[in-house]
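K.L.:
have a look at this prediction, sequence included:
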Amino acid sequence: MPSAGHSAAPTRFAYLGPEGTFAEAALVRLVGSLGTTPGVSAHPEASIATALAAVRAGEREAALVPMENSVEGSVPATMDGLVVGDPLVITREVFLEVGFVLAVRPGTTAAGVRTVASHPHALAQCRGRIAELLPAADVVPTASTADAARRVAEGGYDAAVCAAIAAERYGLDALVTDLADHPGAVTRFVLVQRPGPPAGPTGADKTTITAVITDRTGALLDLLAEFAVRGISLTRIESRPTRERLGVYSFSIDCEGHVADARVGDALAALHRLCEEVRFLGSYPRADAGAGKPVEEKVGDAAFAGAQAWLARVREGSAV
Ligand SMILES: O=C(O)C(=O)Cc1ccccc1
């Protein structure tokens, strides 16, 4: 029997743990949107790297990990974790508003806080407020916000920057609420799975790739032109170091559309010709405000099919 591939909703999820992370909240939202699936289980992992490894090893079907934030940008552990190692593909995206509290053991006052711990993205989003409230405190990165809360509860650090729900989960008090420097930040999480037959297009999809281009004049312009001439909008583009040498970059790109759409398939094939290396990282339903934007008629599948049919007639001599 052919595999249902990514059309079937996964049931065994890994997420960046421990309990109380934003990743867990995003997973709850995702599972809710997939419908009540019997037998769903969620497994906290110590880091983004171990969550991805659990999927690569086949221990879990899917992992939900943070990809980027509206204030702080991309999450390097996820970006790099998707590019290095056995292939993985994104099958869903989830957006979650994130708000932070400063969580302490009951009875601790601001004067008693010498160390503040959290995930680097959470610390970065609260940098100004932490400096203002706790100018002398040491700031310590941890694997996740809830990991910091757990360590505070265990006595390892004095304060954690985490979700209100994590403070509650680990028996901590919120010394300060609304800690973020820029309220209203949104984090985008992605669900990753091992490659398989992709779910079909929904009409409002995104595709993620990475492309390595050589150091030559106009190389990036050539890459971008392949999207532009086919009417494909990019929703994210950033460069990541390849770790090879300065001057060779990997571009991480999200574009509108699905690999099964003619214009997107064509553009990816063109990039394969043009770039040193292209890695397909998945086509999946988009969950942001851009969903529902109509595709221009001249770059729709029917226009591509019509053009191919015309070319076939030219080649067989029945049309010019
Ligand atoms: O550590 C967490 O709770 C995460 O899910 C990662 C994260 C950290 C900071 C903002 C958004 C997500």
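P.N.:
Noted; the coordinates are in hand.
K.L.:
residues touching the one helix or strand Phe227 maps to, excluding its own?
P.N.:
Here Phe227, judged by DSSP states H and E, is contained in helix 219-228. If you take CB atoms under 8 Å, 6 or more residues apart in numbering as the criterion, helix 219-228 is touched by 211, 213, 233-234, 251, 255, 267, 270-271, 274-275. Where C-beta positions appear, they are placed from N, C-alpha and C, glycine not excepted.
K.L.:
out of these, which is most surrounded?
P.N.:
Counting neighbours by other CB atoms under 10 Å, Ala267 leads the contacts of helix 219-228 with 25 neighbours.
K.L.:
mind listing what that one touches?
P.N.:
226-227, 230, 232, 255.
K.L.:
repeat for Val186
P.N.:
By CB under 8 Å, 6+ apart, the neighbours of Val186 are 69-70, 95-98.
K.L.:
okay, and which of those residues map to strands?
P.N.:
69, 95-97 (DSSP state E).
K.L.:
pick the one among the residues you listed closest to the ligand.
P.N.:
The closest of the ones in strands among the contacts of Val186 to the ligand turns out to be Asn69 (CB to the nearest ligand atom; 5.8 Å).
K.L.:
nearest spatial neighbour of the closest one, skipping sequence neighbours?
P.N.:
Thr187 (4.7 Å; CB to CB, 6 or more residues apart in numbering).
K.L.:
cool, and Asp158?
P.N.:
Computed as CB to CB, 6+ apart, the closest residue to Asp158 that is not its neighbour in sequence is Val113, at 4.4 Å.
K.L.:
can you give me the strands for the stretch 101-250 of the chain?
P.N.:
Applying DSSP state E, counting those that start in this stretch to the stretch 101-250 of the chain gives strands spanning 101-104, 115-118, 138-141, 159-162, 173-176, 186-193, 205-213, 234-241, 249-256.
K.L.:
for stretch 289-296, what is the average pLDDT?
P.N.:
Across stretch 289-296, pLDDT averages out at 76.
K.L.:
that should have said stretch 112-125, apologies.
P.N.:
96.
K.L.:
list the beta-bridge partners for Thr208.
P.N.:
Asp254 (DSSP bridges).
K.L.:
gap between it and the ligand?
P.N.:
19 Å (CB to the nearest ligand atom, to the nearest Å).
K.L.:
Thr242 now?
P.N.:
Thr242 is 25 Å from the ligand, where distance means CB to the nearest ligand atom.
K.L.:
wait, isn't that residue in contact with Tyr249?
P.N.:
Yes: between Thr242 and Tyr249 a contact is recorded at 6.4 Å, counting by CB atoms under 8 Å.
K.L.:
who has more neighbours, those two?
P.N.:
Set Thr242 next to Tyr249 and count neighbours by other CB under 10 Å: Tyr249 wins out with 19 against 16.
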